[in-house]
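Engineer: build me a structure from this.
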Amino acid sequence: MNRVMETKTPFIYRAILYAAGFVLFLEWLYPVQEITDTSYLILFVLYAALCFFITLLQMKWWLSFILKGAGLLYILYSLYFEGLFFSKALFSQVISEASINLSALFSQDWYNLTPMFRSLLFLLLIWLMSYLIYYWFVAMNRIFLFVVLTFIYIAVLDTFTVFSAEAAIVRIFIISFISLGLASFMREMDREEIQFLWMKKTAIWVLPLIGVVLLSTIVGYAAPKLDPQWPDPVPFIRSTAEGAGSMDSGSGVVRKVGYGEDDTRLGGSFIQDDTPVFQVTTEEEQYWRIETKDVYTGKGWENSHEPEYIKQDPQNILLKTFDESVETETFTATLQFTGNVQIPKVIYPYGIERFRVAQPIDLLLDNQSGSMIAKFHNNDFMPDFYSMTYESPSFEINSLRQAGTDDPSHIREQYTQLPETLPKRVGELAREVTAGESNRYDIARTLETYFGQNGFAYSTTNVSVPGDGQDYVDQFLFESRVGYCDNYSTSMVVMLRTLDIPARWVKGFTSGQKIENNVGGPGTSIDTYEVTNSNAHSWVEVYFPGKGWVPFEPTQGFSNLADFQFDSTVAMEEDNEATPVMKKDDEKSEPKKDQEEAQGDSTSKHPDTEINWWYIGFGVIAVALLAWSIYLLRFRFQYYVIRIRLKTNKNEKNYQDAYHFLLKQLAHKGLPKESGQTLREYAGRIDRRFDTGTMGELTNSYEEILYTKTRDSIEFNKLSQLWKDLIKRIRS
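Structural biologist: Just a heads-up that it's a prediction; the model follows:
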């Protein structure tokens, strides 16, 4: 389709086709928030809507540039420079940003580009796409390539990332086929030179197209599908990619957070996943245990033995992580799995004693790792709902300090294991950090708090994977100093073992987020928590003779939910200084807070800036209203500009512009020049329509200016008056 076709096609149909292009473009934007750490995607969607709207109106290039540029600057200002408008600080920050990013560009150091500059590039890309999609969809009417690319893009993301295209693929199918049908229809209208004027009164011709597409979508979605006929190549591709990502030069592949059983190679970034795993109703907020591991390899964790599952009496589970001398309080908890996430092992609290479920299952325990599985008729089975009774421990700090170091031989042998390749400086650091401590509890507490006071950072992105010659803990302690729970917990266990203190690595889930209060009725303290994949966690257990295994939490931003208390004879002020007990509200909020901070290194949000949605909304509405007002008044504005030009400078160029504007005004009023019609034939039709000879006289003068060299006979004053009279008649 050429430019003539674009002007002949009614605005409403061009708008529909362009809107389809906009919706398809949004399908490119939506996954960005899931597969990257981009925040506030809604701002980029709103800016895309503004750019597409302005492009659709086909304003003058300079006006379009001003409006789109103003929107771009407004978003950047709101995100990164709020409160610095026309101040020294603003110009200083702009100069600093420019200096940093120019240096990074010239040195090809792409990672150090600032969030503000990345956002600027993203906004410029959206600006460019508003032009390109208009050219493809409206000007050229060639949309098939973009449709195919959209399908490929979504399919690749669905295959290799955490993004689910289940709904996106249906939306793309509907929009694509409707727009393809509309584009094909418009090409036929152009080819056969059929006028669009009659179609302004009805859109019935669209209904069969929409009906066929919707029917095809419903049938395709509901119909049974064959299972995959070819072997799935994705596992091979992913394993190859993971192998490549684990080399020295890389920072590891990006995985999705969640519980997994393979911990042989730790490290690398992951993407947060808030998919619900289970809901638990209980009186006490706590960590949820799954298993422990005892062998550190230098790259990750393994178990020193094959699981030996022993059948348990569900009313008397023989899993003891702490000694009978530890004070406990009895609680119950009910756990219900949600969604499609499958956990193959029982999730349980510390001190579990009884397990109740509706089905007649067999409960089996591997006492070494603490993992439990359920079987139903000798087949692996995990009930969707079960309840537990448990004895929640309360550890006395003075008793832990006096526990001594007389560990059973099998405990010391199994839980002080370290690889021969562990660098000596790890043990040297552990001894240096704990040099002033004289008992096991204070040593553990010192190591637990060490990471929060020495420049370590919690992050789930840009986390390194140790190379072939590197130790996982050594790299974290002395090189990267950036990581998440696996880095912190593994490092604490290894540092304790270098001091000959038995310690082990524990996996499970944090407490989750409270979603319902007082479910047991008024006055009760029974609450419901929702635990998601993002709550998957690892922590540390330290062995104390005569007390058992005691949990510790070294990860930045997470609080130890175990109950620690001083003996009643100890002064309260000492309790306040040393005890790790925190208020429940703090315990709940800190992990959530730091998980959000870990996702905050966004390409679209400065970490120190909070967005003011009132200003953003007002700005977007104001710019949209301004653009719409300019569009509605565009002919009136152009009329006055041309009228002034004809009055102040009577020449051929101004008259030609005035005549072209007259043609636009007529087309806007539903009287366009037909294909193959000469200007004189068109002028005759207009004169007959308005019962005047003005259009013919103006056309004769226009042709005389174009095709003759002698122009002395042209009376510009008279032509100017005729032009104004005809414009007024057209508008009336």
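Engineer: lowest-pLDDT helix or strand in the protein?
Structural biologist: Confidence across the helices and strands of the chain bottoms out at helix 584-598, with a mean of 39, counting by mean pLDDT, DSSP states H and E.
Engineer: now what about the host helix or strand of residue 158, what contacts it?
Structural biologist: Here residue 158, judged by DSSP states H and E, is contained in helix 144-160. With contact meaning C-beta atoms under 8 Å, 6 or more residues apart in numbering, helix 144-160 is reached by 21, 24, 27-28, 31, 35, 133, 136-137, 163-165, 168-169, 172, 176, 179-180, 234, 237-238. The C-beta positions use only the backbone N, C-alpha and C, and glycine is treated the same way.
Engineer: strands of the stretch 501-650 of the chain, start to end?
Structural biologist: Using DSSP state E, counting those that start in this stretch, the strands of the stretch 501-650 of the chain run over 503-509, 513-516, 527-532, 536-544, 548-552, 563-565.
Engineer: now those in TSV, with mean neighbour count, distance to residue 355 and mean pLDDT?
Structural biologist: Output for the strands of the stretch 501-650 of the chain, formatted as TSV (neighbours: other C-beta atoms under 10 Å; distance: least, C-beta to C-beta, whole Å; pLDDT from 0 to 100):
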stretch	mean neighbour count	distance to residue 355	mean pLDDT
strand 503-509	24	16	95
strand 513-516	14	24	87
strand 527-532	20	18	90
strand 536-544	24	21	95
strand 548-552	22	20	95
strand 563-565	18	23	87
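Engineer: wait, which of those is closest to residue 664?
Structural biologist: Among these, strand 527-532 comes nearest to residue 664, with 57.6 Å by C-beta to C-beta.
Engineer: who does that closest one touch, helix- and strand-wise?
Structural biologist: Packing partners of strand 527-532 (3 or more C-beta pairs under 8 Å, 6 or more residues apart in numbering; DSSP states H and E): strand 276-282, strand 513-516.
Engineer: how far is the first one from where the chain is centred?
Structural biologist: In other words, strand 276-282. Its chain's C-alpha centre and that of strand 276-282 lie 24 Å apart, by C-alpha atoms, centre = their mean, to the nearest Å.
Engineer: and if you look at stretch 383-397?
Structural biologist: 35 Å.
Engineer: and that stretch, what's buried?
Structural biologist: Neighbour-count burial for stretch 383-397 flags 383, 386-393, 395-397 (criterion: 16 or more other C-beta atoms under 10 Å).
Engineer: alpha carbons of it, as CSV, please.
Structural biologist: Below are the C-alpha coordinates for stretch 383-397, written out as CSV (Å, rounded to 0.1, in the frame of the first residue of the first chain):
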residue,chain,number,x,y,z
PRO,A,383,-1.1,-35.2,50.3
ASP,A,384,-2.5,-31.8,49.4
PHE,A,385,-3.5,-31.2,53.0
TYR,A,386,-2.2,-32.3,56.3
SER,A,387,-1.9,-31.2,60.0
MET,A,388,0.9,-31.5,62.5
THR,A,389,1.5,-31.3,66.2
TYR,A,390,4.9,-30.1,67.2
GLU,A,391,6.9,-29.0,70.3
SER,A,392,8.4,-25.6,69.6
PRO,A,393,11.8,-25.2,71.4
SER,A,394,12.9,-22.3,73.5
PHE,A,395,16.7,-22.2,73.9
GLU,A,396,18.3,-20.7,77.1
ILE,A,397,21.3,-18.7,76.1
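Engineer: show residues contacting that stretch.
Structural biologist: Contacts for stretch 383-397 (C-beta under 8 Å, 6+ apart): 284, 286, 322, 326-337, 348-359, 361, 374, 441, 547, 550, 562-567, 578-579.
Engineer: stretch 21-28 too?
Structural biologist: Residues from elsewhere that reach stretch 21-28, judged by C-beta under 8 Å, 6+ apart: 45, 48-49, 52, 129, 133-134, 136-137, 143, 146-147, 150, 153-154, 168, 171-172, 175-176, 179.
Engineer: next step: those residues restricted to helices.
Structural biologist: Counted as lying in helices by DSSP state H, out of the contacts of stretch 21-28, are 45, 48-49, 52, 129, 133-134, 146-147, 150, 153-154, 168, 171-172, 175-176, 179.
Engineer: would you map out the domains in the chain?
Structural biologist: 3-225+611-630, 273-598, 634-731 (automatic domain parsing).
Engineer: please produce CSV containing those domains, extended by distance to residue 258.
Structural biologist: Compiled in CSV, the domains of the chain are given as follows (distance: least, C-beta to C-beta, whole Å):
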stretch, distance to residue 258
domain 3-225+611-630, 10
domain 273-598, 4
domain 634-731, 55
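Engineer: winner for burial among those domains?
Structural biologist: Stretch with highest mean neighbour count among the domains of the chain: domain 273-598 (a mean of 18; mean count of other C-beta atoms under 10 Å).
Engineer: quick one: distance of it to the chain centre.
Structural biologist: The answer for domain 273-598 is 29 Å, by C-alpha atoms, centre = their mean.
Engineer: what do you get for stretch 29-38?
Structural biologist: With C-alpha atoms, centre = their mean, you get 4 Å for stretch 29-38.
Engineer: for stretch 120-129, same thing?
Structural biologist: Counting by C-alpha atoms, centre = their mean, stretch 120-129 comes out at 18 Å from the chain centroid.
Engineer: CA atoms of that stretch as CSV?
Structural biologist: In CSV, the C-alpha atoms belonging to stretch 120-129 read as follows (Å, rounded to 0.1, in the frame of the first residue of the first chain):
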residue,chain,number,x,y,z
LEU,A,120,16.5,6.6,28.5
LEU,A,121,17.5,4.0,25.9
PHE,A,122,14.4,2.0,26.6
LEU,A,123,12.2,5.1,26.2
LEU,A,124,14.0,6.0,22.9
LEU,A,125,13.4,2.5,21.6
ILE,A,126,9.6,2.8,22.4
TRP,A,127,9.6,6.2,20.6
LEU,A,128,11.3,4.6,17.5
MET,A,129,8.9,1.6,17.5
